[in-house]
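S.K.: Sequence and predicted model, in that order:
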Amino acid sequence: MKNEASAAADENLNLGGKCLSELAAGDGSVESQRYYLARRCMLEMLKDRGFAVPNSEIEVSLQEFRIKHGQNPDIDALRISSLHRDDPSIKVLVVFCSPSRIKVNVVRAIATQIANKESLSGLILIAQNEITNQALKAMDLFPFKVELFQITDLLVNITKHELKPKHQVLTDKEKENLLNKYNIDEKQLPRMSQKDAIARYYGLEKGQVVKATYSGELTQLHVTYRCIW
């Protein structure tokens, strides 16, 4: 069964019986369009998390993507490996999973493939189907954080939606200054679930604080802070 975020994405992307990918695919395949959109969104996500992602990669056009990867891209060729700008010892790997159901053997195969590579700090899996409970449990065996996104979650970058406020992740020092300024502790701040789409986009951990800036004709300029829990 699809999770709520995936189901919501499907509902939001359905336009007149056609999904966004079908409407924008043009003369190419829907499959290549979906991979292109998801990979671009993931590159933007990594850059927003502080990883060294060249703008030239993000700005690749759909046509250029199809010339390089074809109409039926090899998912292994879509993998992304990136180092953090401020700390090159932090390395993340992004892996696209096949369209089939993700079973425990798939997770074990990925673990075997990356076992002999340079040490990782994090792994992001992009799924196109449901994942079994056994496979989810197998992810806990990795010695680093593993995140799972459905490809439908990545067809649109939610942080660029005009109705979404601008979010900024506070550093530990900025968080400390905020709490000292208002003489409060983090438990007194409004909360944001770690499962929230924004929290997942930035890969936030419990205790981190985000600044949300709202602007518009009705709300004008309004700033609030939320603590991840």
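M.R.: Sure thing, it's come through.
S.K.: where does the residue of the chain positioned farthest from its centre fall, phi/psi-wise?
M.R.: Here the chain reaches farthest from its C-alpha mean at residue 183, the gap being 33.8 Å by CA atoms, centre = their mean. Here is the backbone geometry of residue 183 (degrees, to the nearest 10): phi 50, psi 50.
S.K.: And the pLDDT for it?
M.R.: Predicted confidence (pLDDT) for residue 183: 96.
S.K.: State the distance from it to residue 173.
M.R.: Separation of residue 183 from residue 173 (CB to CB, to the nearest Å): 17 Å. The C-beta positions use only the backbone N, C-alpha and C, and glycine is treated the same way.
S.K.: try residue 91
M.R.: Computed as CB to CB, the residue 91 to residue 173 distance reads 25 Å.
S.K.: Next up, the contacts around the nearest residue to residue 131 once chain neighbours are set aside.
M.R.: Excluding the flanking residues, the one nearest residue 131 by CB to CB, 6 or more residues apart in numbering is residue 102, at 4.0 Å. Counting by CB atoms under 8 Å, 6 or more residues apart in numbering, residue 102 touches 125, 127, 129-132, 135.
S.K.: So which of these are in helices?
M.R.: Within these, residues falling in helices by DSSP state H are residue 135.
S.K.: how about the contacts of residue 102 in TSV, adding distance to residue 84 and neighbour count?
M.R.: Formatted as TSV, the contacts of residue 102 follow (distance: CB to CB, whole Å; neighbours: other CB atoms under 10 Å):
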residue	distance to residue 84	neighbour count
125	19	21
127	24	24
129	30	13
130	31	14
131	27	21
132	32	15
135	28	21
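S.K.: Now do the biggest helix by length in the chain: which elements does it pack against?
M.R.: Using DSSP H to define each element, the chain has its longest helix at helix 30-48. Packing contacts for helix 30-48, counted by 3 or more CB pairs under 8 Å, 6 or more residues apart in numbering; DSSP states H and E, involve helix 20-24, helix 55-58, helix 62-69, strand 80-83, strand 91-96, strand 122-127, helix 197-202.
S.K.: Out of these, flag the one nearest residue 33.
M.R.: helix 20-24 (4.6 Å; CB to CB).
S.K.: Burial check on residue 91, number of neighbours?
M.R.: By other CB atoms under 10 Å, 19 other residues sit near residue 91.
S.K.: That one: what's it in contact with?
M.R.: Neighbour list for residue 91: 81-84, 118-122 [criterion: CB under 8 Å, 6+ apart].
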